[in-house]
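[1] no sequence on hand, only this structure:
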């Protein structure tokens, strides 16, 4: 059990993705739908800058190393889909 916890801690990391502040609501989704989806699917946590910090475009994704790029790619797909539709 202890080894599994140590391995889980060692597998944690974080990355940031720069998304224009005005698009953060798309990433969050209605009622947090997209954030919940990413959390459940990839086991990640998303941290957004304060709503009044319009100059900060960084969204921090933290969680298992193997899932960070998958979550980032899906966020970028959300944005691309919204821009095209």
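    All right, it came through fine. As the structure is a prediction and not an experimental result, all values here were calculated from the model. Numbers count the residues shown, from 1 in each chain.
[2] how far away from the center of its chain is the one helix or strand residue 24 maps to?
    Residue 24 is part of helix 24-28, with elements assigned from DSSP states H and E. Centroid separation between helix 24-28 and its chain, computed with C-alpha atoms, centre = their mean, to the nearest Å, is 10 Å.
[3] what residues sit buried inside it?
    24, 26, 27, 28 (16 or more other C-beta atoms under 10 Å). For every residue, glycine as well, the C-beta is placed using N, CA and C.
[4] between these, which sits nearest residue 80?
    Nearest to residue 80 among these is residue 26, at 10.2 Å by C-beta to C-beta.
[5] pull the number of nearby residues for the closest residue to the closest one other than its chain neighbours.
    Leaving aside its sequence neighbours, residue 26 sits nearest to residue 82 (C-beta to C-beta, 6 or more residues apart in numbering; 4.9 Å). Number of residues near residue 82 (other C-beta atoms under 10 Å) recorded here: 12.
[6] which secondary structure elements does the host helix or strand of residue 82 sit against?
    Using DSSP H and E, the element containing residue 82 is helix 65-84. With contacts taken as 3 or more C-beta pairs under 8 Å, 6 or more residues apart in numbering; DSSP states H and E, helix 65-84 sits against strand 12-18, helix 24-28, helix 33-42, strand 58-64.
[7] got the angle for the longest one vs strand 58-64?
    Interaxial angle of helix 33-42 relative to strand 58-64 (axes from the mean of the first three to the mean of the last three C-alpha atoms, to 10 degrees): 30 degrees.
[8] who touches helix 33-42?
    26-29, 44-46, 63-64, 67-68, 70-71, 74-75, 78 (C-beta atoms under 8 Å, 6 or more residues apart in numbering).
[9] which of the residues in that helix are buried?
    Those would be 34, 35, 38, 42, for helix 33-42 by 16+ other C-beta under 10 Å.
[10] same thing with the first one?
    Residues residue 17 are the ones in strand 12-18 that count as buried (16+ other C-beta under 10 Å).
[11] next one: the last one
    Within strand 58-64, the residues that qualify as buried by neighbour count (16+ other C-beta under 10 Å) are 59, 61, 63.
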